[in-house]
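what's the 3D shape of this:
(chains A and B)
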Amino acid sequence: DGGITQSPKYLFRKEGQNVTLSCEQNLNHDAMYWYRQDPGQGLRLIYYSQIVNDFQKGDIAEGYSVSREKKESFPLTVTSAQKNPTAFYLCASRHRRYGYTFGSGTRLTVV
Amino acid sequence: AQKITQTQPGMFVQEKEAVTLDCTYDTSDQSYGLFWYKQPSSGEMIFLIYQGSYDEQNATEGRYSLNFQKARKSANLVISASQLGDSAMYFCAMSLRGSGGSNYKLTFGKGTLLTVNP
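The predicted structure is shown next:
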């Protein structure tokens, strides 16, 4: 079945470390997105990419970085510059006609 | 800038009754899309219903319907015959075409936590 796979489901990071969250899709969608969700809050856009080798900052890009070397993959790196990285991270992709598909999320905790 | 407002942090409904979740939006664009998503405690985002800004009829999907009032910029979700499994967070979202014509971004409200009581 086509869909979006996010891994790992749970991730623990020590302060000062960079961590990378994986997002892979086999839907052949061009556009991919990363969102952050804090408890009791809506989703906020971190980065998005419309095509391979191109991406744009969203509303809260500081402390994060992404790459889009392949159409299927859009990994998110949470750098040590992100002061409050504990959150739920959701990846999504978009089809021109059929809308958005979301992954099941990664819950990141700083220990 | 685009904005989605959900004024009900929490709602309660009795099983088998209907419930309306409110959503208002703010944009100066003429072309946009409105979405409702359900997020159970597992965290996944489940697509429920979509309304395009040029759609003249309100969208319906099974027990879900979207009450679209363009002049008032509201897009309320109506769930008929509530079930215990409907208990979840519900998010209203708007998709707009960004600069360059091909960049679409999805902006979310803060959500409404719906609890269905037996």
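
may I ask which helix or strand of the chain has the lowest mean pLDDT?
This is for chain A. Of all helical and strand segments in chain A, the minimum by mean pLDDT, DSSP states H and E falls on strand A:99-102, at a mean of 88.

actually, chain B is the one I wanted.
Evaluated with mean pLDDT, DSSP H and E, the helix-and-strand set of chain B has its lowest mean pLDDT in strand B:104-108, which scores a mean of 86.

and the pLDDT for the closest residue to A:Q17 other than its chain neighbours?
On the basis of Cβ to Cβ, 6 or more residues apart in numbering or on different chains, the spatially nearest residue to A:Q17 that is not a chain neighbour turns out to be A:S80, at 6.5 Å. All C-beta spots, glycine's among them, are computed from the backbone N, C-alpha and C. Note for A:S80: predicted pLDDT of 89.

so who does A:S80 touch?
Taking Cβ atoms under 8 Å, 6 or more residues apart in numbering or on different chains as the contact definition, A:S80 lies against A:15-18.

same thing with B:A18?
If you count contacts by Cβ under 8 Å, 6+ apart, B:A18 has them with B:78-82.

which one of the residues you listed sits closest to chain A?
Within the contacts of B:A18, proximity to chain A (Cβ to the nearest Cβ) peaks at B:I79, which comes in at 19.2 Å.

for chain A, which residues are neighbours of chain B?
Where proximity means Cβ under 8 Å from any Cβ of the partner chain, the interface of chain A facing chain B comprises A:31, A:33, A:35, A:40-45, A:48, A:50, A:56, A:58, A:88, A:90, A:92, A:94, A:99-102, A:104-105, A:107.

got a PyMOL select line for the buried ones in those?
Buried residues within the residues of chain A next to chain B, by 16 or more other Cβ atoms under 10 Å in any protein chain shown, are selected in PyMOL with:
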select buried, chain A and resi 31+33+35+42+43+44+45+48+50+56+58+88+90+92+94+99+100+101+102+104+105
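
mind listing which of the residues of chain A next to chain B are in strands?
When the residues of chain A next to chain B are checked against strands (DSSP state E), the matches are A:31, A:33, A:35, A:43-45, A:48, A:56, A:88, A:90, A:92, A:94, A:99-102, A:107.

how close does the closest residue to A:E15 other than its chain neighbours get to A:Y33?
Leaving out its chain neighbours, the residue that sits closest to A:E15 by Cβ to Cβ, 6+ apart is A:V110, at 6.0 Å. When distance is defined by Cβ to Cβ, to the nearest Å, A:V110 is 23 Å away from A:Y33.

contact partners for the nearest residue to B:N67 once chain neighbours are set aside?
Counting by Cβ to Cβ, 6+ apart, the nearest residue to B:N67 once its immediate chain neighbours are dropped is B:N76, at 4.4 Å. Residues counted as contacts of B:N76 (Cβ under 8 Å, 6+ apart) are B:20-23, B:66-67.
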